[in-house]
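In: this is a predicted model, with the sequence first.
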2 protein chains.
Amino acid sequence: MHATLRPGDPPLSRSVEDYLKAIYHLSSQGGFASTSDIAAMLEVAPPSVSGMVKRLSETGLIEHVPYRGVQLSPQGRRAALRMIRRHRILELYLTQQLDYDWDGVHAEAERLEHAVSDELIERMAGSLGQPRYDPHGDPIPTAAGEIEEADLVTIADAAVGAKLELRQVGTQDSARLRYFATQGLTPGVLLTVADRQPFNGPTTIALVPSGDRRVLGRELARLLLCSEVPVQEHGHADR
Amino acid sequence: MHATLRPGDPPLSRSVEDYLKAIYHLSSQGGFASTSDIAAMLEVAPPSVSGMVKRLSETGLIEHVPYRGVQLSPQGRRAALRMIRRHRILELYLTQQLDYDWDGVHAEAERLEHAVSDELIERMAGSLGQPRYDPHGDPIPTAAGEIEEADLVTIADAAVGAKLELRQVGTQDSARLRYFATQGLTPGVLLTVADRQPFNGPTTIALVPSGDRRVLGRELARLLLCSEVPVQEHGHADR
DNA sequence: TCTGCAGATTAGGCTAATCTAATCTGGACG
DNA sequence: CGTCCAGATTAGATTAGCCTAATCTGCAGA
C-alpha cells in the first residue's frame, strides 16, 4: 500500500507542505515529532493531525510510530527542505529587494512559499548571488536539498580566543534586535572572544576587521549564536 | 439572505477569485457571462459553475439571471479589478526585475496573484514607478479600483494622419511578436499613420520621435492596437 | 404554434481538510 | 502490580469544490 511518491505525481497540497515543514522543525533536535506538538505549531486540533499523519505515511512521506510520533522519510525530508529553501530565499529577497523589515517578512513568505515555482526561487537566488543564509542567519538549503548543519555556540560558551562568525541572534525581541544592530552585531559579522570574567561576569569580544571591542553581560552573550571560523577559510567566493 | 460582504470578512478563496476574474473578462464586452463560457475559461464542468454562481450571488458578488448568465456586482467588480491589478503588476515585475519573458510569466502570475499581500503589490508597483500598463500593453487598474477604458483602434482602421500610441500587439504568436519587436513596434511607441493604400493594400506608418517609416500589410496592421494621442498631452508626469 | 435541442440547472457523490466528542493506551507513580 | 491520566486515536459531522448523470427551459426553426 505504500504508494511511494514518483516524479510527475500531482504537487503536494499547501496543507501537506505545512505539515512536512512543521515535522522537520520539531524533529530536528530529538527524533520524533508528537501529534500534539504538530497540532500546536499548525494551530489545528490533534485529531486533524492524526488524520493527516495517516495520509502522509500512506504516501511514504513520513514514518509513523503510533502513540510515539512521526519522523520524515528521506522523501519527506527533501520536500520539507525544499519549502525551507523557498521560505528563506523569499524572506531574504523581500528584505533586500523590496525593503521589507525582519518582522513583516515572515507572514508574506509563509504564503508565497506555496505559490512560487522552482524557477522563480532560483531566479531570486541568482539575483541575490546564491546566498547561504537568510536575514535571521539561518542556513538556506541548496536546490539539491542539502542544508548546512548548525553546530552553533553562544558567545557565552565559546572559548576565549575563538574566532567566530555571528550567525543568529536568538531573540525575537525587537528592542534587543535593534540594540544588537546598533552595536554592529548582525549575522555575518566576524569576531573573536577577547576576554571573559568568571562567575557570570561579562564577556568582551572584538569585531575582527575593525578591532572594535564590545562588552556583553552573560545574558546578552547567551543570545549570540556563532559558528567557529576555520583558521584558513578555503575559498567560497560568494557575495 | 443577501449576506453582503463586509470589510473584515474572511478573504475570498482562490477559486472565488478565479471565477470573478473570468466573469470580469467575459462580461467586459457584452453584458452577461454565460455558465458554459465560464466553465470553458476555468476548465471546469458547467455544473460546477452553477454551484459557484449560487454561492457568489448569495454573498452579493454577482447578479445571476437564471438561464441568461451573470454580471459582477460593484463589490465583485472591485474584487476582480484587484486581482487583475495583482496579475498585471506581477507580470511586469517578473519581466522587468527577474528577467522573465512574456511567455513564461503568465502561469507564475496566475499562482502568485492569490498569495501576495496588498502591501507586496504596492511595493512592487512602487519599485516599478507606479506603471500604468503591463508587458502586454493592458492597462493596470489602480489600487483604488479604477481601470482605464480601452477604446483602442487597430492601425488598419485608424485615419491617415492620426497620432497614435501603440498599446497592444494582438497576437500570441511569438514569431510575429519577435518580428514586431525588431521593427521597434512594442507597446508604448508613438506613431503616425503616414499613408494607406486602398483595397487592402499596405499601410505606412511613421515612428514619431525618429521619423522612421514602416510598411505593414493589412493583416499585420490589424494586429497593432493603439490609443489616439490627444494633440497636446496634459501632464502625466510618470516615466 | 409546436418541437427539439443546446445550454443551464438540479440531484447525488467524492475528496481533502477541518472540527467536536468519544474512546483507547502507554507509561509514571503509588 | 495496578491505576490513572495525558496524550493519541477513532467516530462521525461539516464545508468547499469538484464530478457525472439526469432533468429542465428558452428560443430557433419548421
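Out: Okay, I see it.

In: apart from its neighbours in sequence, what residue is nearest residue A:127?
Out: Excluding its sequence neighbours, the residue lying closest to residue A:127 (C-beta to C-beta, 6 or more residues apart in numbering or on different chains) is residue B:98, at 6.5 Å. For glycine as for every other residue, the C-beta is placed from the backbone atoms N, C-alpha and C.

In: burial measure for that neighbour, as a count.
Out: Neighbourhood size, residue B:98 [other C-beta atoms under 10 Å in any protein chain shown]: 17.

In: what sits against the residue nearest to the spatial centre of chain A?
Out: For chain A, residue A:138 is the residue whose C-alpha lies nearest the centre (C-alpha atoms, centre = their mean; 3.8 Å). Listed by C-beta atoms under 8 Å, 6 or more residues apart in numbering or on different chains, the contact partners of residue A:138 are A:88, A:168.

In: try residue A:18
Out: Residue A:18 sits in contact with residue A:42, where contact means C-beta under 8 Å, 6+ apart.

In: so which strand or helix has the residue nearest to residue A:153 when sequence neighbours are not counted?
Out: Nearest non-adjacent residue to residue A:153, counting by C-beta to C-beta, 6+ apart: residue A:226, 5.7 Å away. Assessed by DSSP states H and E, residue A:226 sits inside strand A:224-228.

In: ok, that strand: who's next to it in the sheet?
Out: Note on strand A:224-228: by DSSP bridges, its sheet partners are strand A:153-154 (antiparallel), strand A:163-169 (antiparallel).

In: isn't residue A:217 right up against residue A:204?
Out: No. If you go by C-beta atoms under 8 Å, residue A:217 and residue A:204 don't touch, sitting 11.2 Å apart.

In: for these two, indicate the residue with more neighbours.
Out: Neighbours per residue, other C-beta under 10 Å: of residue A:217 and residue A:204, the larger number sits with residue A:204, 17 against 12.

In: can I take it that residue A:54 is in a strand?
Out: No. Assigned with DSSP: H, G, I helix; E, B strand; the rest coil, residue A:54 falls outside any strand and is helix.

In: for it, which non-adjacent residue is closest in space?
Out: residue A:64 (7.6 Å).

In: got phi/psi on that neighbour?
Out: phi -120, psi 120 (degrees, to the nearest 10).

In: which residues in chain A form strands?
Out: A:62-65, A:69-72, A:153-154, A:163-169, A:190-196, A:203-207, A:213-216, A:224-228 (DSSP state E).

In: right, is the second one up against DNA strand C?
Out: Same thing as strand A:69-72. No. Interface with DNA strand C: strand A:69-72 contributes nothing (C-beta under 7 Å from any atom of the strand), its closest point being 10.9 Å away.

In: mean pLDDT lowest where, among the strands paired with strand A:224-228?
Out: Of all the strands paired with strand A:224-228, mean pLDDT reaches its minimum on strand A:163-169 (a mean of 80).

In: hang on, the earlier thing: what do residue A:217 and residue A:204 both touch?
Out: With C-beta under 8 Å, 6+ apart, residue A:217 and residue A:204 have no common neighbours.

In: which elements pack onto the longest helix along chain A?
Out: Secondary structure of chain A per DSSP state H: the longest helix is helix A:74-97. Packing partners of helix A:74-97 (3 or more C-beta pairs under 8 Å, 6 or more residues apart in numbering or on different chains; DSSP states H and E): helix A:14-27, helix A:102-112, helix A:118-127.

In: anything in that helix near DNA strand C?
Out: No. Applying C-beta under 7 Å from any atom of the strand, one finds helix A:74-97 separated from DNA strand C by no less than 13.1 Å.

In: next, the buried residues of that helix.
Out: A:76-95, A:97 (16 or more other C-beta atoms under 10 Å in any protein chain shown).

In: check stretch A:167-177 too.
Out: Those would be A:167, A:168, A:169, A:177, for stretch A:167-177 by 16+ other C-beta under 10 Å.

In: ok, which pair from those is furthest apart?
Out: The largest separation in the buried residues of stretch A:167-177, counting by C-beta to C-beta, is between A:167 and A:177 at 14.6 Å.

In: what residue in chain A comes nearest to chain B?
Out: Residue of chain A nearest chain B, by C-beta to the nearest C-beta: residue A:115 (3.9 Å).

In: give the contact list for the closest residue to that residue other than its chain neighbours.
Out: Of all residues not flanking residue A:115 in the chain, residue B:115 sits nearest, at 3.9 Å (C-beta to C-beta, 6+ apart). Neighbour list for residue B:115: A:111, A:112, A:114, A:115 [criterion: C-beta under 8 Å, 6+ apart].

In: what's the answer for residue A:202, then?
Out: Residue A:202 neighbours (C-beta under 8 Å, 6+ apart): A:196, A:215, A:216, A:217, A:218, A:221.

In: buried ones among the residues you listed?
Out: A:196, A:216, A:218, A:221.

In: would you quantify the distance from the residue lying closest to residue A:190 once chain neighbours are set aside to residue B:70?
Out: In this structure, residue A:190 finds its nearest non-sequential neighbour in residue A:208, 3.9 Å apart by C-beta to C-beta, 6+ apart. Residue A:208 sits 66 Å away from residue B:70, going by C-beta to C-beta, to the nearest Å.
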